[in-house]
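Model the structure of this input:
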Amino acid sequence: MLASYVNAHCLQVERLPLPGESLCAGARWAEHGGKGFNVGLGAHRLDVQVEMLLPLGADSIAESVLQLLHDEGLDSRWTLKIGKQSGFGVGFVAPNGDNFLAIYPGANALLTAEYVEQTMTALPPIDLVYGQFEIPEAPILAAFRLAREQGTRTMLNPSPWRLPNAELLALTDILVINETEAALLFEQEDTGNLPPEKWLSRLPSWANQCGWRGELLVVTLGEQGCVALTPNVVIHQPAWPIIAIDATGAGDAFSAGLASALLQRLDLEAALKLACACGAWVAGKQGVLQALPTRAEISEFMQAQAKPAAALNTVKYNV
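As a prediction, the model looks like this:
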């Protein structure tokens, strides 16, 4: 797990502000976070063995993170204290769950390919390498090259968004992007009102045009669920119906659920259903860290919660 850490601070506002506008917040909270940290902890709570290469600063926050890892039963051997300050983030959250975030990377930006190579050499055999873009691209490339040499699957969430270079995309087996990121990757001006059936029909050609040749490409669509592309089919998984409170960590919870399901050898339909359930669970609660579900919690949710709508028909295709 190529993790990242962000000390997250969130403000609850009546609506997201306009440029230059000041708003009065109705509530505030702070917690440990970061995309890589959230996904690693989320997968761990879903009963997956996780080893996190986690960059931290030489500050008091880092000591608190190490204590949290210990309390959660996670191995802290692969944490790195590099630089003065740990990552820091600020978010605004509206009542409907909409949000926007700003991140200062701190120690995350100092992670190098050399750190990754040293760590992966010391690790026992692993089944999946996960990367995300709160760290630089060079260490992800180094990890994915080693993974390819070892026959290990790779999973990438290119968020916060920047276009993955051609080599990184070619080394990625599983790619998870949201609707906005998909529009940028596929060079489509507007996919905001595109219904799932249009995604089913267009995703194969869009993926082919951008050079995608991996095992699985998943586009998350918020309240419309997700669509997933394999080398010969594209399928739709509807979202679990909830009242959204804070969607800040829903994507990270989705990635944790998907990674854990694939590692536990669930079939694709079951994996997507679990991933969507994890995303819905977190979006229906305030904050991220404490909301990330355990295996027992998400199993109970999937049994007791109103079920998703019927999925659209799976589409077979030939590009």
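
okay, CA-based contacts and neighbour counts for the rest of this
Fine.

how far does the host helix or strand of residue 217 sit from the chain's center?
Applying DSSP states H and E as the criterion places residue 217 in strand 216-220. Here strand 216-220 is found 11 Å from its chain centre; the criterion is Cα atoms, centre = their mean, to the nearest Å.

on contacts alone, who are the packing partners of it?
Packed against strand 216-220 by the contact rule (3 or more Cα pairs under 8 Å, 6 or more residues apart in numbering; DSSP states H and E) you find strand 174-178, helix 179-185, strand 226-229.

Could I get the average pLDDT for it?
For strand 216-220, the mean pLDDT works out to 98.

what sits up against it?
173-179, 182, 226-231, 251 (Cα atoms under 8 Å, 6 or more residues apart in numbering).

follow-up on the earlier one: can I get the helices and strands packed on strand 216-220 in CSV with distance to residue 19, mean pLDDT and mean neighbour count?
Listed next are the helices and strands packed on strand 216-220 as CSV, based on distance: least, Cα to Cα, whole Å; pLDDT from 0 to 100; neighbours: other Cα atoms under 10 Å:
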stretch, distance to residue 19, mean pLDDT, mean neighbour count
strand 174-178, 24, 97, 21
helix 179-185, 20, 94, 18
strand 226-229, 31, 97, 24
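
Which among the ones you listed is found nearest to residue 271?
strand 226-229 (10.8 Å; Cα to Cα).

need the next SSE after the closest one, C-terminal direction.
Past strand 226-229, the next helix or strand by DSSP H and E is strand 233-237.

what pairs with that following strand, and is each one parallel or antiparallel?
Sheet partners assigned to strand 233-237 using DSSP bridges are listed as strand 226-229 (antiparallel), strand 315-316 (antiparallel).

could those go into TSV alongside distance to residue 130?
As requested, these are arranged in TSV below (distance: least, Cα to Cα, whole Å):
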stretch	distance to residue 130
strand 226-229	18
strand 315-316	28
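
who wins for proximity to residue 201 among the ones you listed?
The nearest among the strands paired with strand 233-237, by Cα to Cα, is strand 315-316 at 7.8 Å.

Off-centre distance for that closest one?
Using Cα atoms, centre = their mean, the offset of strand 315-316 from its chain centre is 26 Å.

Quick check: the gap between residue 128 and residue 261.
12 Å (Cα to Cα, to the nearest Å).

related to what we said a few turns ago, turn the helices and strands packed on strand 216-220 into TSV, columns for distance to residue 15.
Formatted as TSV, the helices and strands packed on strand 216-220 follow (distance: least, Cα to Cα, whole Å):
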stretch	distance to residue 15
strand 174-178	22
helix 179-185	20
strand 226-229	26
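
buried sites along the strand holding residue 217?
Neighbour-count burial for strand 216-220, counted by 16 or more other Cα atoms under 10 Å, picks out 216, 217, 218, 219, 220.

low-confidence ranges in the protein?
318-319 (pLDDT under 70).

Spatially central residue in it, please.
residue 252 (3.4 Å; Cα atoms, centre = their mean).

For that residue, which non-adjacent residue is spatially closest?
Counting by Cα to Cα, 6 or more residues apart in numbering, residue 252 lies nearest to residue 39, which is 5.3 Å off, once chain neighbours are set aside.

next SSE after the helix or strand that contains that neighbour?
Assessed by DSSP H and E, residue 39 sits inside helix 35-45. Next helix or strand after helix 35-45 toward the C-terminus (DSSP H and E): strand 54-56.

Report the contact partners of residue 147.
Residue 147 neighbours (Cα under 8 Å, 6+ apart): 129, 153, 154.

For these, give me CSV that also has secondary structure, neighbour count and distance to residue 316.
Rendered in CSV, the data for the contacts of residue 147 read as follows (DSSP: H, G, I helix; E, B strand; the rest coil; neighbours: other Cα atoms under 10 Å; distance: Cα to Cα, whole Å):
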residue, secondary structure, neighbour count, distance to residue 316
129, strand, 23, 29
153, strand, 19, 24
154, strand, 24, 24
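
Using a markdown table, lay out these together with distance to residue 166.
Below are the contacts of residue 147 laid out as a markdown table (distance: Cα to Cα, whole Å):
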| residue | distance to residue 166 |
| --- | --- |
| 129 | 18 |
| 153 | 17 |
| 154 | 15 |
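
Check the contacts of strand 216-220 and tell me the two furthest apart.
Longest span within the contacts of strand 216-220, Cα to Cα: 231 and 251, 23.5 Å.

re the thing from before, nearest approach to residue 164 belongs to which of the strands paired with strand 233-237?
Nearest to residue 164, of these and by Cα to Cα, is strand 226-229 at 18.3 Å.

Just the CA coordinates for the closest one, please, in PDB.
Extracted in PDB, the C-alpha atoms of strand 226-229 (Å, rounded to 0.1, in the frame of the first residue of the first chain):
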ATOM      1  CA  CYS A 226     -20.600   2.500 -10.800                       C
ATOM      2  CA  VAL A 227     -19.800   0.900 -14.100                       C
ATOM      3  CA  ALA A 228     -16.900  -1.500 -14.600                       C
ATOM      4  CA  LEU A 229     -15.100  -2.600 -17.700                       C
END
